[in-house]
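**Q** Have a look at this prediction, sequence included:
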Amino acid sequence: MKIIDGGITAAKGFQASACEAGIKYSGRTDMALIFSETPCESAGTYTSNIVKAAPVIWDRNITDSEKKVHAVVINSGIANACTGKEGLTYCDKTAKACAKELNIPEDSVLVASTGVIGMPIPVDKIAYGLTLLAPGKNSSKENAAAAARAIMTTDTMPKEIAVEFTIGGKTARIGSMCKGSGMIHPNMCTMLSFITTDANISKELLLEALREDVKDTYNMVSVDGDTSTNDSCIILANGEAGNEKITEKGEDYETFAKALRLVNETQAKRMAGDGEGATALFEVVVEGADTKETAVTVAKSVVSSSLVKTAIAGHDANWGRIFCAMGYSGAQFDPEIAELRFESKAGSILIAKNGAGVDFDEEIATKILSEPEVSAIINLHQGEAKATVWGCDLTHEYISINADYRS
């Protein structure tokens, strides 16, 4: 298994394109298309927010069915969330326009949107965009990169990755592009993640692999404590790698699952590190827990704490804030035997042991916490369970970005 150069078009048979449709932004691309002429099996996981954007409802109706998928149409700038029944009408019109341009069934089109909540989608601009996207699609790395840029909102960088692996004696690939920078919290976040693969795998196992993987990747990311209305993680498999179809768990399934984990974990960490206004990726590892649930609960509480995040922004080894967040997490553990250390490329330093602080060099701690990637390692000394979550620091820039977001 290896990471290769490329993104959403890396898997055989997938094409992409991007265009400037003027949906909200000016002077930048804001629409993207993913396309496979070969019909794809699909699977998706979606937001846990009760308030679900229209595209989430539209896509779930398709990915939860036996329908095959040919295309995904994505727009940035306007989220098509909190738009009432009209929101689904926008999805329907988008699918119809896409089907017409690509000569595919309307119910083989998935739709995704990201941006400002509560604004109506300009369907005329979407339709215009599709007249540019359809003839412009191809399988080039350049088009893949352009599509990844087009779906960005407050992201500071596009996020794409591709991996290559062998299953059933055939070379297979997984490609991905995603966006996410703010309104990000565990149990899916304001993220759109699209994954393509040419592996031949059953719909049932495709869904199982995705759901199991999301638990330990995208659901372990927190930037600001807000769970979005639009979260979607969608995977398409067209089978063009030519391997014998994976219909049961075994060596080929495990290989596929490991490749998927590499893709999703990489993207999850990129989103966390690209949090709005962030200067550092903040990783929290809880080990020595009695159960996985305890480890996850404690880790998420720490990574989501605004006081902890501001301490990371200030490169301040304020360990009391971390123990405080551990304590109100709701998990049961003995704080008198808990241990904390900070780590980064600059080194590792023990900060607290047996529930109390230890003597440590503040200058060394500050140096360790000044790196662009910082980890807090918590050992509860109660068992063997472990969990890792990713977040970022919280800076003044986060307020600036979100105070002016609609303007």
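**A** Perfect, thanks for sending it. Numbering: from 1, shown residues only.

**Q** what sits against the closest residue in space to Asp334 that isn't next to it in sequence?
**A** Once flanking residues are discounted, Asp334 sits nearest to Gln382: 6.8 Å by CB to CB, 6 or more residues apart in numbering. All C-beta atoms are positioned from the backbone trio N, CA, C, and that covers glycine. Applying CB atoms under 8 Å, 6 or more residues apart in numbering to Gln382 gives the contacts 288-290, 294, 333-334, 337.

**Q** Can you say which of those residues are buried?
**A** 288-290, 294, 333 (16 or more other CB atoms under 10 Å).

**Q** for the residues you listed, which one is nearest Cys82?
**A** Comparing these against Cys82 with CB to CB places Thr294 closest, at 35.9 Å.

**Q** hang on, the earlier thing: I'd like the list of the buried ones among the contacts of Gln382 that fall within strands, please.
**A** Mapping the buried ones among the contacts of Gln382 onto strands (DSSP state E) picks out 288-289.

**Q** what sits against Ala325?
**A** Applying CB under 8 Å, 6+ apart, the residues near Ala325 are 301-302, 304-305, 307-308.

**Q** I meant to write Glu37 there.
**A** Glu37 touches 13, 70, counting by CB under 8 Å, 6+ apart.

**Q** Likewise for Asn264?
**A** 176, 193, 195, 213-214, 217-218, 233.

**Q** Make JSON lines out of those residues and add pLDDT and secondary structure.
**A** Putting the contacts of Asn264 into JSON lines (pLDDT from 0 to 100; DSSP: H, G, I helix; E, B strand; the rest coil) gives the following:
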{"residue": "Ser176", "pLDDT": "98", "secondary structure": "strand"}
{"residue": "Ser193", "pLDDT": "93", "secondary structure": "strand"}
{"residue": "Ile195", "pLDDT": "98", "secondary structure": "strand"}
{"residue": "Asp213", "pLDDT": "92", "secondary structure": "helix"}
{"residue": "Val214", "pLDDT": "90", "secondary structure": "helix"}
{"residue": "Thr217", "pLDDT": "89", "secondary structure": "coil"}
{"residue": "Tyr218", "pLDDT": "86", "secondary structure": "helix"}
{"residue": "Cys233", "pLDDT": "92", "secondary structure": "strand"}
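
**Q** ok, so of those, who is nearest Ile151?
**A** Proximity of those to Ile151, judged by CB to CB, is greatest for Ser193, which lies at 10.0 Å.

**Q** separation between the closest one and Ala32?
**A** Distance of Ser193 to Ala32, given as CB to CB, to the nearest Å: 13 Å.

**Q** hey, which strand is longest across this protein?
**A** strand 31-46.

**Q** Pull out the buried positions in that strand.
**A** Result for strand 31-46 [16+ other CB under 10 Å]: buried residues 31-36, 39-46.

**Q** next SSE after that strand?
**A** The helix or strand immediately downstream of strand 31-46 is helix 54-63, counting by DSSP states H and E.

**Q** other SSEs contacting that following helix?
**A** If contacts are counted by 3 or more CB pairs under 8 Å, 6 or more residues apart in numbering; DSSP states H and E, helix 54-63 sits against strand 31-46, helix 84-102, strand 109-116, strand 232-237.

**Q** Distance to Arg261 added to the ones you listed, as TSV?
**A** Putting those into TSV (distance: least, CB to CB, whole Å) gives the following:
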stretch	distance to Arg261
strand 31-46	14
helix 84-102	31
strand 109-116	23
strand 232-237	13
